[in-house]
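Participant: can't give you the sequence, but here's the structure:
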């Protein structure tokens, strides 16, 4: 039966002129792709597994206590017991759950899944976000309703253009009766009577065992066993021995094997060497660190006798232990460096302070002298102006004014106020 | 979502056939309704030393939303362990297995481990109070019994 909200989809599928292929719809399309039934191409990270169904999350939902479940799982579990299934804190489904962060959705969408039509022959592997699109629109193996209006059966999409295939036909090899739609599959993979002759060796075999035959057919060309050493010729299986006897690379064969052996040995030695090198470095470091840790003499005295002795006599039973000790010395080194760094930093800041202080003092001094100088200049200018005024216009009013400004210190108000202003706000340097 | 139970059980089965915690072995899981597992108590608890007990798991269709029914089974070489929360007919009084204590994040493995630790921590060589009467009268499924958790110390 169609889901309650399908009428629109029905309209879409009848409009055949749509640029994208119509969605399939019908009795079986209710959940077009059941994401929970998908097979995943590789192992999925444990963190993306729903703790309830133990499958990669489908529409992940996060609780206020930060646990993530499939939406359907948490809803089902909540009906039985209204608590968070992980920590059993009371949980209100409507207000205390929300859809999980986008990053989880993205991670889930990127998981690689196999097309659910794999049993019917579609070997596609796609990301989970696209699988539904693939199945509903593109997968040739998806079952779609038979194009014949009176027929209610389904047919693979690739055959949907051939008209109704739901009539019975007889297999020409084994006399069983099949529907036309199933006949091809039957003949390709099941029919025991459909024989085929090998194109190379003329041996007869059952059609659906073709692949197995190819693995043992004497005429199939395979590459020479000296191929890793450079022989590029391909000969039939039955002539392989003969070729091996004559192959130009047969001389190289044993040498090549030895080479491979040596290579492996070399690799092992290299690894060993690397390990030794690290160890030497480590011991050197230890030698260096000894004098620097000297200030506390009592402690070094205690550790001295055992430290030089230990590296000589089978010091580290396992590699882990060795690395651990290496790590410890590194840690100590880093600690020392950081303390040195902070010391340098402190020294630096004090130095900076000491340097800047006299500069600042000088600056204020300069500023004050400048203020004084400015005052003097202004006074002089003023004086000069008044002098010129007296010389230029001998009007009585001006002289009257001049007598008033005989003592310029508390003379005319305007220039005086100006200089006052300047003294309060000396020009910034 | 009827398909959830079998799928999840299948996943659990592949996991526990590959590795189980020490002291727990899978005896049979021929279908997805009833499994049998053997458990041993690993430390030197004199009550259980050297013994092996058989657990029966019965799964309903709505597992893991609903708890499985877990009981001990009595066989010739598989006794019912002595414990103040285990009746002599094998019924286990454990909140984890009731509808209130169950959580769908539990699994067969975790239930086994809980029972294992419940035995490990026990020192009393006794049956629950009213054991005989209960065993004689009880015809209910374990899940439906309204246990009164009278004792939280064990």
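Facilitator: Cool, the structure landed. Just so we're clear, the structure is a prediction, and the values are computed from it rather than from any experiment.
Participant: helix or strand: which one has residue A:266?
Facilitator: Assigned by DSSP states H and E, residue A:266 belongs to helix A:252-292.
Participant: backbone dihedrals for residue A:106, please?
Facilitator: phi -60, psi -40 (degrees, to the nearest 10).
Participant: how close does it sit to residue A:98?
Facilitator: 17 Å (Cβ to Cβ, to the nearest Å). No exception for glycine: its C-beta is placed from N, CA and C like everyone else's.
Participant: how long is stretch B:19-29 from one end to the other?
Facilitator: Taking Cα to Cα, to the nearest Å, stretch B:19-29 runs 15 Å from one end to the other.
Participant: quick one: buried residues of that stretch?
Facilitator: Within stretch B:19-29, the residues scored as buried using 16 or more other Cβ atoms under 10 Å in any protein chain shown are B:20, B:23, B:24, B:29.
Participant: lowest-scoring secondary structure element of chain B by mean pLDDT?
Facilitator: helix B:131-137 (a mean of 79; mean pLDDT, DSSP states H and E).
Participant: buried sites along that one?
Facilitator: Result for helix B:131-137 [16+ other Cβ under 10 Å]: buried residues B:131, B:134.
Participant: contacts for it?
Facilitator: The contact list for helix B:131-137 (Cβ atoms under 8 Å, 6 or more residues apart in numbering or on different chains) reads B:87, B:88, B:89, B:128.
Participant: for those, pick the one with the most neighbours.
Facilitator: For these, the largest number of neighbours (other Cβ atoms under 10 Å in any protein chain shown) sits with residue B:87, at 22 neighbours.
Participant: isn't that one right next to residue B:93, touching?
Facilitator: Yes: the criterion here is Cβ atoms under 8 Å, and residue B:87 meets it with residue B:93 at 7.3 Å.
Participant: list residues touching both of those two?
Facilitator: Common contact partners of residue B:87 and residue B:93 (Cβ under 8 Å, 6+ apart): residue B:128.
Participant: show me the contacts for the most centrally placed residue in chain B.
Facilitator: For chain B, the residue nearest the mean C-alpha position is residue B:70 (4.0 Å; Cα atoms, centre = their mean). Counting by Cβ under 8 Å, 6+ apart, residue B:70 makes contact with B:55, B:56, B:57, B:58, B:92, B:94, B:97, B:111, B:115, B:142.
Participant: so it sits in a strand?
Facilitator: Yes: if the criterion is DSSP: H, G, I helix; E, B strand; the rest coil, then residue B:70 is within a strand.
Participant: gap between residue B:103 and chain A?
Facilitator: Separation of residue B:103 from chain A (Cβ to the nearest Cβ, to the nearest Å): 4 Å.
Participant: my error: substitute residue B:100 in the last question.
Facilitator: 7 Å.
Participant: got a pLDDT number for residue 43?
Facilitator: As the question left the chain open, I've gone with chain A. At residue A:43, the predicted lDDT confidence score is 87.
Participant: that's the wrong chain, I wanted chain B
Facilitator: Residue B:43 is given a pLDDT of 81.
Participant: wait, it touches residue B:120, no?
Facilitator: Yes: look at residue B:43 against residue B:120 with Cβ under 8 Å: they come within range, at 5.9 Å.
Participant: out of these two, which sits in the more crowded spot?
Facilitator: Taking neighbours as other Cβ under 10 Å, residue B:43 and residue B:120 compare with residue B:120 leading, 14 against 10.
Participant: return the residues of chain A in contact with chain B.
Facilitator: Within chain A, the positions near chain B by Cβ under 8 Å from any Cβ of the partner chain are A:34, A:36-37, A:51-55, A:72-73, A:76-77, A:79-81, A:83, A:85-86, A:88.
Participant: would you mind listing what in chain B touches chain A?
Facilitator: Within chain B, the residues that sit near chain A (Cβ under 8 Å from any Cβ) are B:1, B:3-4, B:7-8, B:11-12, B:62, B:64-66, B:99-100, B:102-105, B:107.
Participant: relative to the whole chain's centre, how far out is the biggest helix by length in chain A?
Facilitator: When chain A is parsed with DSSP state H, its longest helix is helix A:319-392. Chain-centre distance of helix A:319-392: 46 Å, with Cα atoms, centre = their mean, to the nearest Å.
Participant: and residue B:26, that's in a strand?
Facilitator: Yes: counting by three-state DSSP, residue B:26 is located in a strand.
Participant: show the low-confidence segments of chain B, by residue range.
Facilitator: Residue ranges of chain B with pLDDT under 70: B:1-5, B:139-154.
Participant: now do the helices in it.
Facilitator: B:4-18, B:108-120, B:131-137.
Participant: okay, now the unreliable bits of chain A?
Facilitator: Looking at chain A by pLDDT under 70, you get A:1-31, A:286-318, A:392-429.
Participant: host element of the closest residue to residue A:213 other than its chain neighbours?
Facilitator: Nearest residue to residue A:213, sequence neighbours excluded (Cβ to Cβ, 6 or more residues apart in numbering or on different chains): residue A:205, at 4.8 Å. Using DSSP H and E, residue A:205 falls within strand A:204-206.
Participant: give me the helices and strands touching that strand, please.
Facilitator: If contacts are counted by 3 or more Cβ pairs under 8 Å, 6 or more residues apart in numbering or on different chains; DSSP states H and E, strand A:204-206 sits against strand A:195-197.
Participant: what helices or strands is the strand it packs on leaning on?
Facilitator: The contact analysis (3+ Cβ pairs under 8 Å, 6+ apart) places strand A:195-197 against strand A:204-206.
Participant: check which element follows the strand it packs on along the chain.
Facilitator: helix A:210-216.
Participant: what sits against residue A:326?
Facilitator: A:278, A:282 are the contacts of residue A:326 under Cβ under 8 Å, 6+ apart.
Participant: same deal with residue B:24?
Facilitator: Contacts of residue B:24 (Cβ under 8 Å, 6+ apart): B:37, B:38, B:39, B:40, B:109, B:112, B:113, B:116.
Participant: what residue in the stretch 101-250 of chain A comes nearest to chain B?
Facilitator: residue A:116 (13.5 Å; Cβ to the nearest Cβ).
Participant: quick one: that residue is in a strand?
Facilitator: No: inclusion of residue A:116 in a strand is not indicated when three-state DSSP is applied; the result is coil.
Participant: pretty sure it is touching residue A:36, no?
Facilitator: No: counting by Cβ under 8 Å, residue A:116 stays clear of residue A:36, with 11.1 Å between them.
Participant: so the spatially most central residue of chain A is in which element?
Facilitator: For chain A, the residue nearest the mean C-alpha position is residue A:107 (9.6 Å; Cα atoms, centre = their mean). If you go by DSSP H and E, residue A:107 is part of helix A:102-109.
Participant: quick one: the nearest residue in space to residue A:64 that is not next to it in sequence from residue A:77, how far?
Facilitator: Excluding its sequence neighbours, the residue lying closest to residue A:64 (Cβ to Cβ, 6+ apart) is residue A:96, at 4.3 Å. From residue A:96 across to residue A:77, the span is 14 Å (Cβ to Cβ).
Participant: so if I had to pick from those two, which one is more boxed in?
Facilitator: Using other Cβ under 10 Å as the criterion, residue A:96 and residue A:77 rank with residue A:77 on top: 26 against 14.
Participant: once you drop chain neighbours, what's closest to the more buried one?
Facilitator: Excluding its sequence neighbours, the residue lying closest to residue A:77 (Cβ to Cβ, 6+ apart) is residue B:104, at 4.7 Å.
Participant: my read: that neighbour touches residue A:50, true?
Facilitator: No: counting by Cβ under 8 Å, residue B:104 stays clear of residue A:50, with 9.5 Å between them.
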